[in-house]
Each structure stands twice: as structure tokens, then as C-alpha cells.
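Asker: Build me a model from this:
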Amino acid sequence: MTEKKVEKNKKTIDKRTVIYAAIFSVASYAVSAAMALGFGAYTVGVFGVFLDPIVTLTIPLIIISVGIQAINRKYGILLISLISAVLYLILPFLSVTFLVAGPIVELVSWSVGYRGFKAVMVNTTLAGGLVGFLSVLFGFLFLGVPHIVNLDMYLLLFGAIYFVESGIMAIASYYIGSYLIRSGVLR
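Answerer: I've put the predicted structure just below:
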């Protein structure tokens, strides 16, 4: 195959991209739902809204990050975010979160790529941090703002926590994704 043909194929959404995006989106959604229900952060009170993203930005984020590495194509992140938005339609504020965060991460990935340590760190940290912060923000807009003293301080504090946690998950994602790609499990 010529160089131009390979490059052209990387810019289109093919059957493999759709299948990988669907598999990784559904897997992340299922694990996220199970973790959220198992942890029950919503029962902690008004601060539960801040704690739920901390729980769901672990294994579900790693699954999405490995999926991005496996797809390794332009518009793959956008497709994952669209599928995730559809899966989360029962919680409209999360659907909107994916519709906002996905295109931002997609655009950034055009500069940094999809594989490699730097690319995984940037894409995963940005995706997780944005989804964590925006889910709380859109949750407040859709469901109402709770009566918490110093709410803006908590938003900034937990926003920083979401980005740091996503960075830690990015490191794990890089090593898991690299291993799966090198071993031939993913191509």
C-alpha cells in the first residue's frame, strides 16, 4: 500500500473504528454504571455530586483511553464521545458533557496523536478532567445548584482533583494499551 493510501485510510471512519468505538464505549459505560451503583456516592449527601466522578474516572477512563489507542484514527475520539452520549441519554447532563468534551479532545489529539506516552497523557488527562468537571457543572445546571457554602471553591478543588486523577489513570492507560498493542491483542 502506498503512503498516501495508508494516510487516507487513517482519516476515515471505517468498520473497525466503529466496532472498536462501540465496544470500548459500552464497556466503559457498563463498568461506570456498576461502580457508581456499587459505591453509592450519591448517598453521601450534597458532596456526593463531587465524589461520583472520582469513582467513575478510574477504570472506565482507562477503558476509553485504551480504546483511543486501539482505534488510532482521526475522528475515533469523536465517535467514542457520540456513542457515550447516546448511552448516557438517561442522564442528559452527562450526554451534554460527552458532546462538549469529545470534540475538544479530538481537536487536541490531531496535534499530539493517539499513541505514545505524551499523546495518551494529554488525551486521557484532558478527557477525564473535562468530563469530571463538566459533569458536575452541567449536573448543577440541569438538576439545580445545591446549597453549599463556598461552592465555587469546591468546584475548583474537585476540578483539580479530576485532572490529577485523570493524569494518574493516563499513566496506567499508556502501559496497558502499549502492552495490548505489542502483544497483538489489539492492533
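Asker: count of residues packed around the residue nearest to Phe117 when sequence neighbours are not counted?
Answerer: Once flanking residues are discounted, Phe117 sits nearest to Tyr174: 5.4 Å by CB to CB, 6 or more residues apart in numbering. (Glycine included, C-beta is placed from N, CA and C.) Counted by other CB atoms under 10 Å, the residues lying close to Tyr174 total 22.
Asker: Which helix or strand contains Tyr174?
Answerer: In the assignment (DSSP states H and E), Tyr174 maps to helix 151-182.
Asker: Tell me which residues of that helix come out buried.
Answerer: Along helix 151-182, these residues count as buried under the neighbour rule (16 or more other CB atoms under 10 Å): 154-155, 158-159, 161-163, 165-167, 169-170, 172-174, 176-178, 181.
Asker: Which helix or strand lies directly C-terminal to the helix or strand bottoming out on mean pLDDT in the chain?
Answerer: Taking mean pLDDT, DSSP states H and E as the measure, helix 3-10 is the helix or strand of the chain with the lowest mean score, a mean of 49. On the C-terminal side of helix 3-10, the nearest following helix or strand under DSSP H and E is helix 15-39.
Asker: quick one: pLDDT of Ile62?
Answerer: Looking at Ile62, its pLDDT is 95.
Asker: okay but it is in contact with Ser166, surely?
Answerer: No. Look at Ile62 against Ser166 with CB atoms under 8 Å: they stay out of range, at 10.1 Å.
Asker: any common contacting residues for these two?
Answerer: Common contacts of Ile62 and Ser166 (CB atoms under 8 Å, 6 or more residues apart in numbering): none found.
Asker: Could you verify my assumption that Leu126 touches Pro103?
Answerer: No. With contact defined as CB under 8 Å, Leu126 and Pro103 do not form a contacting pair (11.7 Å).
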